[in-house]
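*Asks:* sequence and predicted model, in that order:
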Number of protein chains: 2
Amino acid sequence: MPRKSITSYDVAKAAGVSQSAVSRAFSPGASISKPTREHILKVAGEMGYQPNAIARSMSTARKDIHQKSGMVGVIVTRLEDPFFAQTIAEFSRGIQAQGWQMLLFTVDTEAEVDTALNTLMQYKIDGAIVLSAILSDQMARACNTQGIPVMLYNRSAEGLNASSVEIDNHEGGRMAADILLEAGHTRIAFVGGEEGDATSTRRQTGFEERLAEAGRQIFRHETGDYTFDSGREAALRLFARKDRPDAVFCASDVMALGVLHAARNELGLRIPEDFSLVGFDDIPSAGWAGHALTTIRQPVRRMIKDAVDNLVESMESPALPPRIRRFEGRLIIRNTVRQVGSSSP
Amino acid sequence: MPRKSITSYDVAKAAGVSQSAVSRAFSPGASISKPTREHILKVAGEMGYQPNAIARSMSTARKDIHQKSGMVGVIVTRLEDPFFAQTIAEFSRGIQAQGWQMLLFTVDTEAEVDTALNTLMQYKIDGAIVLSAILSDQMARACNTQGIPVMLYNRSAEGLNASSVEIDNHEGGRMAADILLEAGHTRIAFVGGEEGDATSTRRQTGFEERLAEAGRQIFRHETGDYTFDSGREAALRLFARKDRPDAVFCASDVMALGVLHAARNELGLRIPEDFSLVGFDDIPSAGWAGHALTTIRQPVRRMIKDAVDNLVESMESPALPPRIRRFEGRLIIRNTVRQVGSSSP
DNA sequence: ACATTTAGTGCATGCGCATTCAATATTCAT
DNA sequence: ATGAATATTGAATGCGCATGCACTAAATGT
């Protein structure tokens, strides 16, 4: 039998003060004497009173200032993916550390982002983070109008009047090509994301650019969807033919691991003896001893700290202009690329 | 420059009706004529009006009925763990599918759960889900008083006046012992969670019980913290001595994979030739070809659907009594336990 | 045709809090 | 000690919406 919860009036009555006093007791920096505050806090504690964040949000909706809810909306796809899991975990900690709450919305396709953001905006979020997806011009403008800063993570916000934090995908692609070329590979395959996927496309472009500089081009191109299985299937297709690649670059570690497991344990191939493999992201499992995947590392911690800090700044000073930030990846050499000088298979 | 957002009054004026009419237009089942509703919806659409969920929540706080916010609080630890990532992903979809939003709170230790729940309650969540942790009696009672149903996932709510959904850990432990005994193992090690961890303890108890029935006991006991590295380190310790185990049961797949990688790739051991390995959970990567980990599967999908459905019911009918539900795990036989009849190492 | 129900609408109110304003208490400077 | 500046306090108000209530228009019954 749910009972009405305790309000500031109840506390005020019990403490023999006005409701205003109670409100002030719970507002850091408010004009109230120390003894009064302590007394109220004591009484409130005994009664188990907690200020109602919803009501607080209501009453801060004044003039033309956007009402503050203390919540940050986060929109994410494929949360089960290790890369996003890690990302969300970091975001959650970062957001909480700054005193905000995280309203999480999962979408299955990029097309749902606008709707999701709309829903979250009904909850008067103070800011939004969109992972690996982009919003429409229109939606970005709507957020702008409402004074809600938007942070795109893992995508560029160019031309959108939003902030963004991402890895330099183009340069990352170049790095991958670099090490594969250096190892002397000639039949280099690429496993990317779905047609039109911005991240994959950038990685591919950088990869091809570097290849071209060496007078080469992608030997074969397979399309996946960033899942392990899609990597596995790509491998099955790649090695089913007579003319096999001697190296594979995957647009993500998860897909690379799919290739790795399929190759070693289903096709009986050796890595790097039979072909070299390079991933992207450096998720935790890429470093597991049995994988030892050579990959391009994203400085996730730093990127997320930067994203959170920037978003918080924008939430606190709505006038701040958006900022687009690109981080450099780093090649992590492990054991899936053959050493220079080894003989070609 | 943030502008005041559009309110129902603005729409009312534009549509030539009262604010009440606008409110009714957006409330399914409210008393309003079809033409009026359609006209209002049209005008509202043109103006970009969206009802303010915060204000809506405020005004539904009536009488002694708890105010509804449309938000479900979710408290989680170790979101980066594949098991939890998958769990949260499912919960998120389930909660959204039923029209609720998810307010996510990450904690680092079980001790923070009470505080976290308290914070979430300030946001007037309509219900709470706590993953792999337990709340204090006191907190449970507080939720009860406020009419907030609590769902414990991966923990039993026995004696707590809360609902819970979990796997039968005891029986799961027995299953693991079963297959290991059947394979003829005699020096069986256990890698569990930290001292006092309820889940690990239950799995261990069931495991030992079955072992005892066969006149055996745990050969060696190692303690981990459910991370890959802790599994790896446990393996290093287990196989550093002369008297090595011939089988290892880990309280989680992640730790089992730590053991597997360390054994195969750092210690040069073969699985299952040198020792058998059994995990728990059946996370996606357990099934990867190169792992092929024999494990106890949790019917995650079903469990989460059950948890969400039950919580939603409780949120909609506050009088409903809590319900404790235990699911049965299933042994998934893959390739990390030696076949019966093979010779002992 | 008239009484009675029903549907549709607007007005007024309150949810719990922060905040402005005016009133009072306290402190400080001289 | 005494006026001025400052610190505390309470009363009153509004945030945006849902809803009880009163009232009118339409629909139904006899």
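*Replies:* In hand now; what should we look at?
*Asks:* tell me what the residue lying closest to A:Leu180 once chain neighbours are set aside is bridged to.
*Replies:* Counting by C-beta to C-beta, 6 or more residues apart in numbering or on different chains, A:Ala247 is the residue found nearest to A:Leu180 once chain neighbours are left out, at 4.8 Å. In short, each C-beta sits where N, CA and C put it, glycine included. Here A:Ala247 sits in beta bridges with A:Ile188, A:Ser276, as judged by DSSP bridges.
*Asks:* what pLDDT, on average, does stretch A:289-307 get?
*Replies:* Mean pLDDT, stretch A:289-307: 98.
*Asks:* ok, is that stretch in contact with chain B or not?
*Replies:* Yes - Stretch A:289-307 is in contact with chain B by C-beta under 8 Å from any C-beta of the partner chain, via A:Ala289, A:Gly290, A:His291, A:Ala292.
*Asks:* what residues sit buried inside that stretch?
*Replies:* A:289-298, A:300, A:303-304, A:306-307 (16 or more other C-beta atoms under 10 Å in any protein chain shown).
*Asks:* next: stretch A:154-173.
*Replies:* Buried, per 16+ other C-beta under 10 Å, within stretch A:154-173: A:154-157, A:160, A:162-173.
*Asks:* strands - which of the residues you listed land there?
*Replies:* A:Ser163, A:Ser164, A:Val165, A:Glu166, A:Ile167 (DSSP state E).
*Asks:* so what's A:Gln217 closest to, chain neighbours aside?
*Replies:* Per C-beta to C-beta, 6+ apart, closest to A:Gln217 is A:Leu211, 5.7 Å.
*Asks:* same deal with A:Val150?
*Replies:* A:Ala162 is the one closest to A:Val150 (C-beta to C-beta, 6+ apart), at 4.1 Å.
*Asks:* any idea of the pLDDT on that neighbour?
*Replies:* 94.
*Asks:* is it true that A:Ala15 touches A:Val43?
*Replies:* Yes - the criterion here is C-beta atoms under 8 Å, and A:Ala15 meets it with A:Val43 at 4.2 Å.
*Asks:* for the stretch 201-345 of chain A, which residue gets nearest to DNA strand D?
*Replies:* Nearest to DNA strand D in the stretch 201-345 of chain A, going by C-beta to the nearest atom of the strand, is A:Pro318, at a distance of 15.9 Å.
*Asks:* do you know how far that residue is from A:Thr145?
*Replies:* 12 Å (C-beta to C-beta, to the nearest Å).
*Asks:* and what of A:Ser92?
*Replies:* A:Ser92 is 28 Å from A:Thr145, where distance means C-beta to C-beta.
*Asks:* what about the helices in the stretch 151-300 of chain A?
*Replies:* A:169-182, A:198-213, A:228-238, A:253-261, A:300-316 (DSSP state H, counting those that start in this stretch).
*Asks:* which stretch among those comes nearest B:Gly70?
*Replies:* helix A:300-316 (22.3 Å; C-beta to C-beta).
*Asks:* now the angle from that closest one to strand A:163-167?
*Replies:* 180 degrees (axes from the mean of the first three to the mean of the last three C-alpha atoms, to 10 degrees).
*Asks:* please pull up the helix or strand immediately following helix A:300-316.
*Replies:* strand A:324-327 (DSSP states H and E).
*Asks:* residues contacting that next one, please?
*Replies:* A:156-158, A:163-168, A:298-299, A:302-303, A:306, A:310 (C-beta atoms under 8 Å, 6 or more residues apart in numbering or on different chains).
*Asks:* what distance do you get for the nearest residue to A:Leu311 once chain neighbours are set aside to A:Leu131?
*Replies:* What sits nearest to A:Leu311 in space, not counting adjacent residues and going by C-beta to C-beta, 6+ apart, is A:Met151, at 4.5 Å. Applying C-beta to C-beta, the value for A:Met151 to A:Leu131 is 10 Å.
*Asks:* those two: who's more crowded?
*Replies:* A:Met151 (28 against 23; other C-beta atoms under 10 Å in any protein chain shown).
*Asks:* just confirm A:Leu117 is within a strand.
*Replies:* No - A:Leu117 sits outside any strand when classified using DSSP: H, G, I helix; E, B strand; the rest coil, being helix.
*Asks:* hang on, the earlier thing: my guess is the residue of the stretch 201-345 of chain A closest to DNA strand D meets A:Gly147, correct?
*Replies:* Yes - the pair A:Pro318 / A:Gly147 is scored as a contact, 5.0 Å apart, by C-beta under 8 Å.
*Asks:* which one's more surrounded, those two?
*Replies:* The residue with more neighbours, out of A:Pro318 and A:Gly147, is A:Gly147; 21 against 15, by other C-beta under 10 Å.
*Asks:* and A:Pro72, which of the three is it?
*Replies:* Careful, residue A:72 is Val; it's not Pro. Three-state assignment for A:Val72 (three-state DSSP): strand.
*Asks:* can you pull the contacts of it?
*Replies:* A:Ile95, A:Trp100, A:Gln101, A:Met102, A:Leu103, A:Ile125, A:Asp126, A:Gly127, A:Ala128, A:Ile129, A:Leu311, A:Met315 are the contacts of A:Val72 under C-beta under 8 Å, 6+ apart.
*Asks:* skipping its backbone neighbours, what lies nearest A:Thr109 in space?
*Replies:* A:Thr77 (7.5 Å).
*Asks:* and that neighbour, how far from B:Asp178?
*Replies:* 40 Å.
*Asks:* please apply the same query to A:Phe327.
*Replies:* 50 Å.
*Asks:* need the CA coordinates for the helix or strand where A:Met102 lies. CSV is fine.
*Replies:* A:Met102 is part of strand A:101-107 when elements are defined by DSSP H and E. Output of strand A:101-107 as CSV, limited to C-alpha atoms (Å, rounded to 0.1, in the frame of the first residue of the first chain):
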residue,chain,number,x,y,z
GLN,A,101,22.2,10.7,-14.2
MET,A,102,22.1,8.7,-17.4
LEU,A,103,18.9,8.0,-19.2
LEU,A,104,19.7,5.2,-21.6
PHE,A,105,17.9,4.4,-24.8
THR,A,106,18.8,1.5,-27.0
VAL,A,107,18.0,1.6,-30.7
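*Asks:* who are the packing partners of that strand?
*Replies:* strand A:71-77, helix A:82-97, helix A:113-122, helix B:82-97, strand B:101-107 (3 or more C-beta pairs under 8 Å, 6 or more residues apart in numbering or on different chains; DSSP states H and E).
*Asks:* which of those sits most buried?
*Replies:* Across those, averaging neighbours per residue (mean count of other C-beta atoms under 10 Å in any protein chain shown) puts strand A:71-77 on top, at a mean of 25.
*Asks:* leaving out chain neighbours, which residue sits closest to A:Asp229?
*Replies:* Closest to A:Asp229 by C-beta to C-beta, 6+ apart is A:Gly258, at 6.3 Å.
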